[in-house]
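1. need a structure here:
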Amino acid sequence: MSCGLLKDSDRQYWDPPSCTETFKDVGDECNLVCRDGYTLNGTATVTCTDDGWSGAGGLNVFPECKGCAHLQDSEREYWDPPSCSRSYSEVGDQCSLICNDGYELSGSAIVTCTPDGWNGTGGFDKIPHCKTPEEIGEDFFQKINLTLNGVATSMLFLLDESGSVSRDQFDMEKFFVQSVAQSFPLSVNRTAGLITFSNVAAVDIPLLQTDTCVFVDSVSQLIYEGGGTSILVALNLAIDEIQRNAANGATLVFLITDGISTTDPTPAANTLKDNGEIVFTIGVASYDRSQLEPLASHDSEGVPNFFGVSSFEAFMKIAEYLNTTYINENQIDCN
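-> Now for the predicted structure:
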């Protein structure tokens, strides 16, 4: 009885070389050696037996060398450093996705090569991509739709009106909120409210509104104030407002900001999530991803409910997409 030839690959090779060149006799041993950048998964040695190759994992169960396949550039995006898209990456290597003009990042900003594959904030093998603002808008809609899933809930919007947001940009934020509300019309089973914040926060619309057009009109009346940026005060006020006025199940909390909080909002975000609320964070222009992404809840696949766009112009395109696609579908006319 003899054992068949083993095969080398770009990740691994067998030692001695005769393991891949000639059939082996019972009792012969072969050892798997990983090439640079790859990590052994399993026990390296297999032994030829009367029944075939046998290792620590069992009969004909072979060890593997794991690493990360090269990533793909496209007309929308490219990877930095360039080696990420030209060859296999070694364990520990990091790659950043750069979007070309007109496209926005969807997914992790950085992925790291691990023995089990690429890993980022979205989880293993969740490779980020660059999408049009309209595609981001569709992803946003679908994520909310899956989250709602026909259950009674509330939607609470936290709107940044700090000094880094101009009046025109604040109007864009308002239009975005109006577009979301009309894409997911209000009722006794889906109430909405709104908080504006800078270095202080205020409940402008209590979390009791059940009429879509009344809510849209109330958002139109909001007046820009300006100030610093404290996400913490906004989230703390959201906790109070939900406890006071939320009439349905879990509340979807939408935090929209272009800035970096001067206070640590993590404890308040954790309280919201521990209470069963679902937090979405939306960063625009000069936001700090490392601050906003961890505040968000995770969906059923472990992906954070975080969306980031590079400019208010792209943000407006997302709102316009929702407005033209889903408001018409819902036949909501608040004009």
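
2. Give me the phi and psi angles of Phe175.
-> Phi and psi for Phe175, reported as degrees, to the nearest 10, are phi -60, psi -40.

3. Ala234 versus that one, what's the distance?
-> For Phe175, the distance to Ala234 equals 20 Å [CB to CB, to the nearest Å]. For every residue, glycine as well, the C-beta is placed using N, CA and C.

4. out of those two, which sits in the more crowded spot?
-> Ala234 (27 against 19; other CB atoms under 10 Å).

5. host element of that one?
-> helix 231-245 (DSSP states H and E).

6. Now that helix: average pLDDT?
-> Averaged over helix 231-245, pLDDT sits at 97.

7. can I have it written out in CSV, keeping just the CAs?
-> The C-alpha coordinates for helix 231-245 follow below in CSV (Å, rounded to 0.1, in the frame of the first residue of the first chain):
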residue,chain,number,x,y,z
ILE,A,231,-22.7,64.2,21.2
LEU,A,232,-22.9,63.1,24.8
VAL,A,233,-25.6,65.7,25.7
ALA,A,234,-27.6,64.7,22.7
LEU,A,235,-27.5,61.0,23.6
ASN,A,236,-28.3,61.6,27.2
LEU,A,237,-31.3,63.7,26.2
ALA,A,238,-32.3,60.9,23.9
ILE,A,239,-32.3,58.5,26.8
ASP,A,240,-34.6,60.8,28.8
GLU,A,241,-36.9,61.5,25.8
ILE,A,242,-37.3,57.8,25.1
GLN,A,243,-38.1,57.0,28.7
ARG,A,244,-40.6,59.8,28.8
ASN,A,245,-42.4,59.5,25.5
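
8. what angle do whichever helix or strand comes after that helix and helix 231-245 make?
-> Under the assignment DSSP H and E, the closest C-terminal helix or strand after helix 231-245 is strand 251-257. Relative orientation of strand 251-257 versus helix 231-245 (axes from the mean of the first three to the mean of the last three CA atoms, to 10 degrees): 150 degrees.

9. helix or strand right after strand 251-257?
-> Counting by DSSP H and E, what follows strand 251-257 is helix 266-274.

10. Enumerate the positions of that following helix that are buried.
-> The neighbour-count check on helix 266-274 (16 or more other CB atoms under 10 Å) flags Ala268, Ala269, Leu272, Lys273 as buried.

11. what comes into contact with it?
-> The contact list for helix 266-274 (CB atoms under 8 Å, 6 or more residues apart in numbering) reads Leu232, Leu235, Asn236, Ala238, Ile239, Ile242, Val253, Val279, Pro294, Leu295, Ser297.

12. and those residues, which are buried?
-> Leu232, Leu235, Asn236, Ala238, Ile239, Ile242, Val253, Val279, Leu295, Ser297.

13. any chance of these in CSV, plus distance to Glu134?
-> Shown next, in CSV, are the buried ones among the contacts of helix 266-274 (distance: CB to CB, whole Å):
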residue, distance to Glu134
Leu232, 33
Leu235, 30
Asn236, 35
Ala238, 29
Ile239, 34
Ile242, 32
Val253, 25
Val279, 24
Leu295, 26
Ser297, 24
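
14. and which of these is nearest Val61?
-> Ser297 (39.5 Å; CB to CB).

15. what's the distance between the closest one and Leu255?
-> For Ser297, the distance to Leu255 - CB to CB - is 11 Å.

16. Overlap in contacts, the two.
-> Here Ser297 and Leu255 have Val279, Phe280 as joint contacts, going by CB under 8 Å, 6+ apart.

17. one step back: packing partners of the helix holding Ala234?
-> In terms of contacts (3 or more CB pairs under 8 Å, 6 or more residues apart in numbering; DSSP states H and E), helix 231-245 is packed against strand 153-160, strand 190-197, strand 201-209, strand 251-257, helix 266-274.

18. Show residues contacting that helix.
-> Contacts of helix 231-245 (CB under 8 Å, 6+ apart): 154, 156, 158, 191, 193, 195, 197, 199-203, 206-208, 251, 253, 255, 257, 261, 263-265, 267-269, 271-272, 275, 277, 291, 295.

19. Tell me how the chain divides into domains.
-> The chain breaks down into these domains under automatic domain parsing: 2-66, 77-130, 132-330.

20. which of these is buried the deepest?
-> Greatest average neighbour count among the domains of the chain goes to domain 132-330 (a mean of 19), per mean count of other CB atoms under 10 Å.

21. Give the full set of residues in contact with Thr210.
-> Leu186, Ser187, Val188, Arg190, Thr191.

22. run the last query once more with 6 Å
-> Leu186, Ser187, Val188, Thr191 (CB atoms under 6 Å, 6 or more residues apart in numbering).

23. Low-confidence bits of the protein, can you list those?
-> By pLDDT under 70, the low-scoring segments of the chain are 1, 37, 328-331, 335.
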